[in-house]
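1. what follows is a predicted protein model with its sequence.
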Amino acid sequence: MNLEALRRRFALPQDADAHQVLAALRAASDDPDLPPSLRALLEQACNAQQAATTDAESARQRYHALFDAVPDPVMILGIDGMILDVNKAAIVAFQRARDALVGMPVGQLGQDLPKEHMARVVEALAGGGSHVTELSYRRADGTHFPAEVHAAAFEHHGRPAVLAVARDLSGRAEAELRYRELMEMIDKGIIVRDADGQITHINPAAMRILGIEDEQAMENDLRGEVWVTFDEHGREVPKDEQPATYALRTSRIVESTVLGFYSRRTRQLRWLSVTCVPQFEPGGSKPARVLSLFSDVTALKRDSALFDRVQALAHIGGWEWDAGRDRLHLSDEAVRILGRSAAPTSLEQVEACLVENDRRQLQLAMERVLAEGGDFDLELQGRREDGHAFWARFIGEVRRGEPLSQRLTGTLQDITERKQAEETLRVQARTDPLTNLLNRDAILGELDARLADPVLSHVAVLYIDLDRFKLVNDVLGHAAGDELLATAARRIVDAVGTEGLIARFGGDEFLVVCSVADDASTPERVAERILAAFTDSFCFGSEEFSVTASIGIARAPEDGDRPQALIQNADAAMYESKRRSRNGWQAFNPALALSQQERLRMETQLRRAADNNEFHLVYQPQVDLRRGAIVGAEALIRWNSQQLGEMRPDHFIGHAETTGDIVRIGGWVLREACRQVCAWRDAGLGIVRIAVNVSYRQFLGDDLADVVQRVLDDSGLPGSAIELEFTERVLIEDAPDTLRTFARLREMGVVLTIDDFGEGYSALNYLRRLPIHGLKLSQHFLQGVPGNKSDVAVCQAVAGIARSLGLGLVAEGIESEAQRRFLLELGVPVGQGFLFAPGLAPDDFALRLERTHL
């Protein structure tokens, strides 16, 4: 049975589809009238047809799934332009159902589509390529949308067809419109050039920046010969190196390049920051155009030049370090500070400018900030290429806003002059201004350091006292006494040479510290040379007089292993020499220890003095130097011993410091001063602020802040009624306990002052750390003013320090009207001294206070 017979037997139509053929085959395979062999053959054919139908249906579903998945409208067109099929995107875009679109000539969807359009498309596709055009399509509601149509040859059910994909350009058109509006409205200049470098567009901002008045003048003003271009170093930039030309030639973006543009027509120079971006056509390998964006940075350039000038004047430079690449940028002023002819470009090169010890400091600070964040502030020393030393303050931090950045930025300040000034003040503070020798605190520090070092601890102390000095000073006056001290110091220096340290210990007393490690006889030999130096008489004007010296010698460790003990024993030996014959030396020995029994007796009586009510206070007025009014007082202790009689403070205070009794005595002085302030207040004199001296030993004893708080609570006085005066030693004791004590005292309102500033350590570096209110100018510096230039210079320096740190300043030891006028001219408002009054009994002070208030 052939297919024709099968068609007739089962009434199969001539145009039967696959499903009808399958049904006929199934029926024939089941026909009992047919031979079994034929029925088996028909069964195989039925199965093959079933598989083919299933595969075809599956392929058709995949085709439609892919067809409908395309997001752009897709149409299958006959070569006559009839729509054969569309996807879902086309149904949505054209707002028509599939049935309405299929069978419609595509020309009905286009606006002003020429009749020969389809013929042109078919002709273009015949060569095997594709066809792209832009058309405007009409939706069912009458609106239109632009589209870019990509057409390709396609076979549809065995017949030639055209596959057309329409890309809706509505968004692009809107973006292009906004782009054009943005170019017109943006405040940055924009110039577009084609591939040949010809300008195709310039926006209004560009015309304004370039000074082009109107479009008529634009063509002339934009000619190349009108403009001369310079880089930031003043070098003329040829046309082929200018950003737009470079971007076209290399196809690379040129970012933010600052160039100067000089107009020959207007004779004006404008500085512009220019960025050039090459643009490519789809599929193009060479730029079709270049977009130049620029802004006017003329004012910024001028401000930058001014900033560079300010940096130079302030000696402050800037730096930035990229740790990841070890790239360093330094401003011109920073390079000048480092003293290098070529700017360092790495951290290692900067470290090479520093002294050995400070290199590691900088390196560790950089590493810490990179690892943990935060900042650093270092003062480091270096040496310039010309060999001169310098000091610089390095401040750095992670670049702000970038906590995880590997970039550090900061400033570099030249502090060489300040360091030199500090060193000068430090030397002055350690130096006796009259003799230029070390002062008391300096020699004590040096001696303490040597005794603490086992290698250097074998030393001897020579305690020198000038015989008959008081007589010369009383008869010929202070000027003669000062000249005598200065001359005696020079003779001692010549005699000692390089064999010891020399200091003026106080008044007419000098100290020499020398080593005995190599030669045990050195102290005696030096003493003999000193005595010989005083053989010649001294002269003052027409007066000639003889002054000798008495010297005591004590050795460490046998005569003492602490500075105070060693000096006390040398002092005892000196007094023994003076007692015997003067003009000689005496070494300390056990027999002299007996003379210290008297001192022990004094210390014993001193320990009982407070309990026996042997102490009393006098009050020296602190006066407004301009008006003469009393503004406060300093409490001064006096001791009238039942066993020893009236004792001078300079005789017993040192012993009290040594024994530690000063802590108990200081507590009594504070309580008694507050009691007296309360008495004056109750008498109607108001609250008078009292200055009380505080020994450093009081820091080591009871908690000073607690002691002061209890006294204030008991007396009912405010903290502002008390001023505590400390020695300069507290400046170098940068212990947390000291800082906490000062902070607590200040919170109470207590006024905190450094007494005798300039005589001791003068640790300026620490001065700013303590929360103090003021300084007291030592009376030793006032002795020679206004005539002595050295004393004047020191006074001016201390006043300058007080002003720069915002601290008050009180002068003590004022004895003449000339000194008062000098201090007023120096800007010192308050002072005390014999010019106004000595220490007064409470009743006498009250009378003086009442008179100044009248």
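-> Structure's in. What do you need? Residues are numbered from 1 along each chain as shown.
2. which residues are in contact with stretch 773-785?
-> 433-434, 478, 482, 725, 746, 751-759, 790-792, 794-795, 798-799, 801-802, 807-815, 818-819, 822-823, 828, 833 (C-beta atoms under 8 Å, 6 or more residues apart in numbering). The C-beta positions use only the backbone N, C-alpha and C, and glycine is treated the same way.
3. let me see the ranges of the helices in the stretch 751-854 of the chain.
-> 764-767, 779-782, 789-805, 817-826, 842-853 (DSSP state H, counting those that start in this stretch).
4. which stretch in the ones you listed has the least confidence?
-> Mean pLDDT is lowest for helix 764-767 out of the helices of the stretch 751-854 of the chain, coming in at a mean of 63.
5. now Val132: closest residue in space that isn't a chain neighbour?
-> His150 (5.4 Å; C-beta to C-beta, 6 or more residues apart in numbering).
6. average pLDDT across the strand or helix carrying the one you found?
-> According to DSSP states H and E, His150 maps onto strand 144-156. In this model, strand 144-156 has a mean pLDDT of 82.
7. residues in contact with it: which ones?
-> 73, 76, 78, 84-85, 93, 111, 121, 124-126, 128, 130-139, 160-170, 173.
8. show me which of these are buried.
-> 73, 76, 78, 84-85, 93, 121, 124-125, 131, 135, 137, 161-169 (16 or more other C-beta atoms under 10 Å).
9. shaky segments in the stretch 301-450 of the chain?
-> For the stretch 301-450 of the chain, applying pLDDT under 70 flags the ranges 301-315, 399-405.
10. now the helices: where do they sit in it?
-> 332-338, 347-351, 356-372, 416-430, 440-452.
11. deepest-packed of those, please.
-> Of the helices of the stretch 301-450 of the chain, the one with the most neighbours on average (mean count of other C-beta atoms under 10 Å) is helix 332-338, at a mean of 21.
12. which neighbouring elements make contact with that one?
-> Judged by 3 or more C-beta pairs under 8 Å, 6 or more residues apart in numbering; DSSP states H and E, helix 332-338 is in contact with helix 298-314, strand 316-322, strand 389-398, strand 407-414.
13. and with 7 Å instead?
-> helix 298-314, strand 316-322, strand 407-414 (3 or more C-beta pairs under 7 Å, 6 or more residues apart in numbering; DSSP states H and E).
14. burial measure for Trp639, as a count.
-> 23 (other C-beta atoms under 10 Å).
15. name the nearest residue to Gln95, ignoring sequence neighbours.
-> Distances taken as C-beta to C-beta, 6+ apart place Ala140 nearest to Gln95, at 3.8 Å, with adjacent residues excluded.
16. just the pLDDT at the one you found, thanks.
-> So Ala140 comes in at 85 (pLDDT).
17. and for Arg626?
-> pLDDT recorded at Arg626 is 93.
18. where does it fall, phi/psi-wise?
-> For Arg626, the backbone dihedrals (degrees, to the nearest 10) come out as phi -90, psi -40.
19. wait, it sits on Leu823?
-> No: using C-beta atoms under 7 Å, Arg626 makes no contact with Leu823, being 10.0 Å away.
20. so for the two, which residue has more residues nearby?
-> Shown here are Arg626 and Leu823; by other C-beta under 10 Å, Leu823 has more neighbours (24 against 10).
21. what is the burial count for Gln819?
-> 23.
22. all further residue positions should be reported with the first residue as 25.
-> In the new numbering, first residue 25, that becomes Gln843.
23. who are the neighbours in contact with it?
-> 806, 809 (C-beta atoms under 7 Å, 6 or more residues apart in numbering).
24. what's the separation between it and Thr322?
-> Remark: distance between Gln843 and Thr322 (C-beta to C-beta, to the nearest Å) = 59 Å.
25. hmm, back to that, from Gly127, how far off is the residue nearest to Gln119?
-> In terms of C-beta to C-beta, Ala164 sits 16 Å off from Gly127.
26. cool, and Ser570?
-> Taking C-beta to C-beta, one finds Ser570 at 143 Å from Gly127.
27. tell me which of these two has more neighbours.
-> Ser570 (13 against 10).
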